[in-house]
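Trainee: Just to be clear, the model below is a prediction. Sequence and coordinates:
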Amino acid sequence: MTFTTRFAPSPTGPLHLGHAYSALLAHDMAASEGGEFLLRIEDIDQSRSRPHWEEQIYNDLSWLGLRWPKPVMRQSERQVIYDAALDKLWQRGFLFPCSCNRKDIAAAVSAPQEGAPLLGPDGVIYPGTCRHRAPGSEDIPRPRAEALRLDMTKAARHIFDRNALVGQFVEHGTGPDGETGTVKFTPEELITTIGDVALARRGMGTSYHLSVVLDDAAQGITRVVRGQDLFDATRIHVLLQALLDLPVPEYFHHDLIRDQNGKRLAKRDDARAISKYRSDGASPEDIRAMVGL
Ligand code: GLU
């Protein structure tokens, strides 16, 4: 199998120094292994994705000296693949429709008996309000207009009962608490610290978690290089890979580039945009030096 990395930006704003670091790391890692570096445009959120940001991604990355095979995978062209996976999970009874909005969830978790709301990789852990709506039979068609959540208790128990070794992945970088090497997790951890994550969001037909595992598999990614902010989501991805019979890549989570106050850079942080440094006369080597490469 060819050693393959990827950079998977969303075209919802300018790439900044943090993106440059991630892309250069993934690119250099593939080059030093004689492997391949791929690009993927993560544009499932069509309400925020814009063609001009996608154009700018190509411009910025080429200017940095990166090259990648074309055509580039774009998530907005892969809905049939996401639908097929959702159908499979729905028929096996792992999904339930959910009509809760953020306010409903916040209200449910702030009920007096609930204690402080627990936070997971996607924010407040879902309190299970709609879980009773799981279809009783596989003949019920999958709703298209609503969000679909994974019944985490059912999914985790099913997978771990079949193979207890499923709860692990290889980390070549480090997690936020220094996790490295073989990182292990239990079904109880998935249930209590992640919960029923959304696999299809209303009006989107998929979710980051579902798309990323299907796309990494389709692109033959063997080493996922990305920021530590996504480390906690990796347990969700490994579970989904098991549920969907997909290979588990190895991971390299890198530290995040922060501003002088220690705050992580955001998309709207235009002052750190690669294009801004570029127009101020910086060279690609200057950018490499700024991110410590
Ligand atoms: N599209 C995600 C982002 O721009 C990256 C996803 C990933 O690397 O898994 O933050």
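Mentor: Looks like it arrived, so ask away.

Trainee: and the stretch 151-293 of the chain, which of its residues are near the ligand?
Mentor: Within reach of the ligand by CB under 6 Å from any ligand atom, the stretch 151-293 of the chain has these residues: 212, 226, 230. Quick note: C-beta positions are derived from backbone N, CA and C, even for glycine.

Trainee: same thing but 8 Å
Mentor: By CB under 8 Å from any ligand atom, the residues of the stretch 151-293 of the chain that approach the ligand are 208, 212, 216, 224-227, 229-230, 233.

Trainee: Adding neighbour count, write those residues out as TSV.
Mentor: Below are those laid out as TSV (neighbours: other CB atoms under 10 Å):
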residue	neighbour count
208	24
212	24
216	23
224	24
225	27
226	22
227	18
229	13
230	16
233	18
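
Trainee: Closest one to residue 189 out of the residues you listed, please.
Mentor: Nearest to residue 189 among these, counting by CB to CB, is residue 233 at 13.4 Å.

Trainee: circling back: name the nearest of the residues of the stretch 151-293 of the chain next to the ligand relative to residue 191.
Mentor: Checking these against residue 191 with CB to CB, the nearest one is residue 233 at 15.8 Å.

Trainee: can you pull the contacts of that closest one?
Mentor: Shown here is residue 233, whose contacts under the criterion CB atoms under 8 Å, 6 or more residues apart in numbering are 121-122, 208-209.

Trainee: Of the residues you listed, which is the most crowded?
Mentor: The member of these that has the most neighbours, counting by other CB atoms under 10 Å, is residue 208 with 24 neighbours.

Trainee: Surely that residue touches residue 44?
Mentor: Yes - with contact defined as CB atoms under 8 Å, residue 208 reaches residue 44; the gap is 7.2 Å.

Trainee: Taking the contacts of residue 233, tell me the two that lie furthest apart.
Mentor: Farthest apart among these - using CB to CB - are 121 and 208, which lie 9.8 Å from each other.

Trainee: and the residue of the stretch 51-200 of the chain nearest the ligand?
Mentor: Closest to the ligand within the stretch 51-200 of the chain is residue 75: 8.9 Å, counting by CB to the nearest ligand atom.

Trainee: Could you find the closest non-adjacent residue to whichever residue of the stretch 1-150 of the chain sits closest to the ligand?
Mentor: Scanning the stretch 1-150 of the chain for the residue nearest the ligand gives residue 42, at 3.7 Å (criterion: CB to the nearest ligand atom). Leaving aside its sequence neighbours, residue 42 sits nearest to residue 10 (CB to CB, 6 or more residues apart in numbering; 4.5 Å).

Trainee: Next, residue 260: secondary structure please.
Mentor: coil (DSSP: H, G, I helix; E, B strand; the rest coil).

Trainee: ok, now which ones touch residue 35?
Mentor: For residue 35, the contacting residues are 2-5, 29, 222, taking CB under 8 Å, 6+ apart as the criterion.

Trainee: Okay, helices next: where are they in the protein?
Mentor: Along the chain, the segments classed as helices by DSSP state H run 17-32, 51-63, 79-91, 102-109, 152-162, 187-193, 208-218, 234-243, 274-279, 284-290.
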